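A.B. asks: model this:
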Amino acid sequence: MAELVHLRLEHTLPELEEMERIGLFPKNEIKSVIKKRSNLEYKLRRNQKRKEDFLKYIEYEIALLSLIEKRRERLLCEAKKTEIDTSIAKRINRLFKAVISRYPEDEKLWLDQIKFCKRMKWFDTISALHTRLLQVHSKNPSLWIMAAKWEMEENRSPENARQILQRGVLINSMSGILWREYFRMELMYTDLIQKRRAILEPHSLKSVTSEEDDVVLSGQVANVVYDKAVEVFDDVEYALSFIQVCLDFDFGLRHIEHILEDVEKRFPDKEETLDALAKKPLLYIEEEIKKGKETGIKKKTTLDRINGEIHKKYEEAVKKLPTEKMWSFYIDYVLDLLNSAKEGKKLELQNTALSVIQAASEVNCLSVQYCSEMVDLLFEKGDVDEGLSTAITHARKFNKIDLWYKCLTYHIQCLRDHDEIYKLLTEAVNAVDEMDSITLWKLGVHWLSLSDPDKISVFFESGIKRRKEISTPLKEMYLEQLALRRDISDVRELYKRFKKMGSLSPVIVQKMIRIEKARLSAPIKKLRKYYEDGIHEFGSENVDIWLDYMKLEIEHPGGESTNYGVIYWQAKRTLKPDYLKEFQARVMDLTTCAQVPSCLLLIS
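C.D. replies: Residues are numbered from 1 along each chain as shown. Next up is the predicted model:
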């Protein structure tokens, strides 16, 4: 083993001698490099070779190469690059080959080697690596796409890129993204041929274009790729996803036409098909505006005509397919128009949007998400009574938290009758899923605290009997509200009630402690009692309660420093093992920051 290591090191001596001779590294650094390489070589010669040893060697050599490049830049020295830099780079590449031959399943190793080769601009090596990588990891579509993209964009070889994706879709015929990227690649190739022909044609060199180029230019190849893809994936959304790819190219419209014709034949009764066909005039909007200007027609007139055509197609679509999904596509379109409209056009579009939404509601094809939009539109128009009536109707119909919240919010903002709002609030918290109802409870608390503080206790009392997820935050708010309006004795009585009702949660105990501490002279006996309550209820799994208790004895004027150690040992006995390490670490921080008597620091 030693002889092989020495042989390897001898091979590196010429580059090291050159590094010293041209002044890149002094003699002591050269010795350090030899020593480090010797250690790394010995690790690679062990019987049980480890991936980590190869990676450390590669990491060291790459760092060395980077250091050489920096020193060359600083010293303005370009001499002996082949003998030094290239020699080290080739050694790194050999190390990559060695580790990959042992661990070919590790994709990251392949990608790291490719990244290194890109740095060295070894394009032929990268192409060969891609070929080997795809042989080993042939079922990973992203690797095929990566390789094809590199061939197309960096190696300037569209032929190689197309061949890679052709093989990729043969092996991974069920990969939707691979088919779509193959389609994109063919469009990129068409774009390249078009630009090439544009340069050649002015010089009367049309004869150099091949028959294959004409097939590509006509769009036949890309259309065949699309056709094959949708034969594999019989899905309308997937088919329409190719349109987005086409939009990146100036000539994409002809391919979009092909896709829409195909989709109309394959999926004539799908909502997505009718939606795409309705929006088809938008593809030609710039062209129509240009034609209009040439004939003296204003842009606004052209846009109104196109939007009229689209509305007509949507009206036909919802008659043909009167489904919630189809109406949703129609509503989305009119809302998009409204959101992008100028101020002078908004009123007209608000009426249009309301008309469409109400039409969907009348045939029971309005989804929940648009009920909220409908209410907002009515209020924006100033139809307050109809807006409130609609809000209640849809809130009761769907019993969704968002609809009830909006309904109550608008009633509160419009200053409707107090009893009416309270009745709606009570109905709402009982109608929605209880797990979601806390938002409505909080809204009710906020509203009652401002409008009818005397009634808020009744509201709280109905809430604290609910499940823990609802009652716990309400109990916390109840204590806070009572502290603002009543004497501390009333708050303490309420806390005692909570204690009798069942186990206390950390937020309730902490809230009571904060309320007591907010007073000018918080009695330490009371505070100790709350901490003891917390320790009893959740002290085995809560580090904060112990640390806060210890700080109380240090910081409170009535505290006793001797209790600090008592609490510490009590915590060590009570806390579960999983929490002890965190407790010990935080006690160290506490004793460092706080002014703890030196005799007490011994406990930690």
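A.B. asks: Show the pLDDT at residue 596.
C.D. replies: On the pLDDT scale, residue 596 is placed at 57.
A.B. asks: correction: residue 588
C.D. replies: Predicted confidence (pLDDT) at residue 588: the value is 86.
A.B. asks: and it, what element?
C.D. replies: For residue 588, the element it lies in under DSSP states H and E is helix 577-593.
A.B. asks: Over to residue 379?
C.D. replies: helix 368-381.
A.B. asks: What residues sit buried inside that helix?
C.D. replies: Buried residues in helix 368-381, counted by 16 or more other Cβ atoms under 10 Å: 370, 371, 372, 373, 374, 375, 377, 378, 379. All C-beta spots, glycine's among them, are computed from the backbone N, C-alpha and C.
A.B. asks: quick one on the thing from earlier: could I have the helix holding residue 588 exported to CSV, CA atoms only?
C.D. replies: Backbone C-alpha positions of helix 577-593 (Å, rounded to 0.1, in the frame of the first residue of the first chain) are rendered in CSV as follows:
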residue,chain,number,x,y,z
PRO,A,577,-35.9,13.2,30.7
ASP,A,578,-36.5,14.7,27.2
TYR,A,579,-36.8,18.2,28.8
LEU,A,580,-33.9,18.0,31.3
LYS,A,581,-31.2,18.9,28.8
GLU,A,582,-33.0,22.1,27.6
PHE,A,583,-33.7,23.0,31.3
GLN,A,584,-30.0,22.6,32.3
ALA,A,585,-28.8,24.7,29.4
ARG,A,586,-31.3,27.5,30.1
VAL,A,587,-30.6,27.5,33.8
MET,A,588,-26.9,28.2,32.9
ASP,A,589,-28.0,31.2,30.9
LEU,A,590,-30.2,32.3,33.7
THR,A,591,-27.5,32.1,36.3
THR,A,592,-25.1,33.9,34.0
CYS,A,593,-27.5,36.8,33.2
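A.B. asks: in that helix, what's buried?
C.D. replies: For helix 577-593, the neighbour count (16+ other Cβ under 10 Å) marks 579, 583, 586, 587, 590, 591 as buried.
A.B. asks: hang on, the fourth one packs against residue 565?
C.D. replies: No: in this structure, residue 587 is not within contact of residue 565 by Cβ atoms under 8 Å, at 10.9 Å.
A.B. asks: which stretches of the stretch 1-150 of the chain have low pLDDT?
C.D. replies: The model of the stretch 1-150 of the chain has pLDDT under 70 over residues 1.
A.B. asks: And the strands in it?
C.D. replies: Here the stretch 1-150 of the chain has no strands by DSSP state E, counting those that start in this stretch.
A.B. asks: Kindly indicate which of the buried residues of helix 368-381 lies nearest residue 228.
C.D. replies: residue 370 (38.3 Å; Cβ to Cβ).
A.B. asks: so what's that closest one up against?
C.D. replies: 328, 331, 357, 360 (Cβ atoms under 8 Å, 6 or more residues apart in numbering).
A.B. asks: looking at it, residue 246 is touching residue 255, isn't it?
C.D. replies: Yes: counting by Cβ under 8 Å, residue 246 does reach residue 255; the two are 4.6 Å apart.
A.B. asks: Now do the buried residues in whichever helix or strand residue 226 is part of.
C.D. replies: Using DSSP H and E, the element containing residue 226 is helix 220-232. For helix 220-232, the buried set under the neighbour-count rule, 16+ other Cβ under 10 Å, comprises 221, 222, 223, 225, 226, 229, 230.
A.B. asks: same deal with stretch 156-171?
C.D. replies: 157, 158, 160, 161, 162, 164, 165, 167, 168, 169.
A.B. asks: Helix, strand, or coil at the closest residue in space to residue 337 that isn't next to it in sequence?
C.D. replies: Distances taken as Cβ to Cβ, 6 or more residues apart in numbering place residue 349 nearest to residue 337, at 5.6 Å, with adjacent residues excluded. Three-state assignment for residue 349 (DSSP: H, G, I helix; E, B strand; the rest coil): helix.
A.B. asks: Show me this protein divided up by domain.
C.D. replies: The record's domain parsing of the chain by the TED database lists 1-121, 393-503, 511-598.
A.B. asks: hmm, who's touching stretch 115-131?
C.D. replies: 62, 89, 92-93, 96, 110, 113-114, 147, 150-151, 154-155, 160, 164.
A.B. asks: Just to be careful, could you list which of these are in helices?
C.D. replies: Residues of the contacts of stretch 115-131 located in helices (DSSP state H): 62, 89, 92-93, 96, 110, 113-114, 147, 150-151, 160, 164.
A.B. asks: which of those residues lies closest to residue 132?
C.D. replies: Of all the ones in helices among the contacts of stretch 115-131, residue 110 has the smallest distance to residue 132: 8.0 Å, by Cβ to Cβ.
A.B. asks: Pull the contacting residues for the closest one.
C.D. replies: 100, 129, 132, 133, 136, 137.
A.B. asks: any chance of the domains of the chain in CSV, plus distance to residue 269?
C.D. replies: As requested, the domains of the chain are exported to CSV (distance: least, Cβ to Cβ, whole Å):
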stretch, distance to residue 269
domain 1-121, 43
domain 393-503, 28
domain 511-598, 58
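A.B. asks: Neighbours of residue 360, how many?
C.D. replies: Applying other Cβ atoms under 10 Å, we find 22 residues neighbouring residue 360.
A.B. asks: what's the answer for residue 97, then?
C.D. replies: 12.
A.B. asks: what residues are up against it?
C.D. replies: By Cβ under 8 Å, 6+ apart, the contact set of residue 97 is residue 113.
A.B. asks: how close does it get to residue 128?
C.D. replies: 11 Å (Cβ to Cβ, to the nearest Å).
A.B. asks: where's the closest residue to residue 545 other than its chain neighbours relative to residue 557, distance?
C.D. replies: Leaving out its chain neighbours, the residue that sits closest to residue 545 by Cβ to Cβ, 6+ apart is residue 534, at 4.4 Å. Distance from residue 534 to residue 557, counting by Cβ to Cβ: 22 Å.
A.B. asks: Please say which of those two ends up with more neighbours.
C.D. replies: Between residue 534 and residue 557, residue 534 has the larger neighbour count (other Cβ under 10 Å), namely 24 against 7.
A.B. asks: what's the helix or strand hosting residue 190 packed up against?
C.D. replies: Using DSSP H and E, residue 190 sits in helix 176-200. For helix 176-200, the elements it packs on are helix 141-153, helix 158-171, helix 211-217, helix 220-232, helix 236-246, judged by 3 or more Cβ pairs under 8 Å, 6 or more residues apart in numbering; DSSP states H and E.
A.B. asks: Name the next helix or strand following the helix holding residue 379 along the chain.
C.D. replies: helix 384-398.
A.B. asks: how far does that following helix sit from the chain's center?
C.D. replies: From the chain centre to the centre of helix 384-398 is a distance of 35 Å (Cα atoms, centre = their mean, to the nearest Å).
A.B. asks: Would you indicate which residues of the helix or strand following it are buried?
C.D. replies: Toward the C-terminal end, the helix or strand that comes next after helix 384-398 (DSSP H and E) is helix 401-413. For helix 401-413, burial by neighbour count (16+ other Cβ under 10 Å) applies to 401, 402, 403, 404, 405, 406, 407, 408, 410, 411, 412.
A.B. asks: mind putting the residues you listed in JSON lines, pLDDT and distance to residue 301 included?
C.D. replies: JSON lines is the format used below for the buried residues of helix 401-413 (pLDDT from 0 to 100; distance: Cβ to Cβ, whole Å):
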{"residue": "401", "pLDDT": "96", "distance to residue 301": "45"}
{"residue": "402", "pLDDT": "96", "distance to residue 301": "40"}
{"residue": "403", "pLDDT": "97", "distance to residue 301": "40"}
{"residue": "404", "pLDDT": "98", "distance to residue 301": "45"}
{"residue": "405", "pLDDT": "97", "distance to residue 301": "43"}
{"residue": "406", "pLDDT": "97", "distance to residue 301": "38"}
{"residue": "407", "pLDDT": "97", "distance to residue 301": "41"}
{"residue": "408", "pLDDT": "98", "distance to residue 301": "45"}
{"residue": "410", "pLDDT": "97", "distance to residue 301": "39"}
{"residue": "411", "pLDDT": "97", "distance to residue 301": "44"}
{"residue": "412", "pLDDT": "97", "distance to residue 301": "45"}
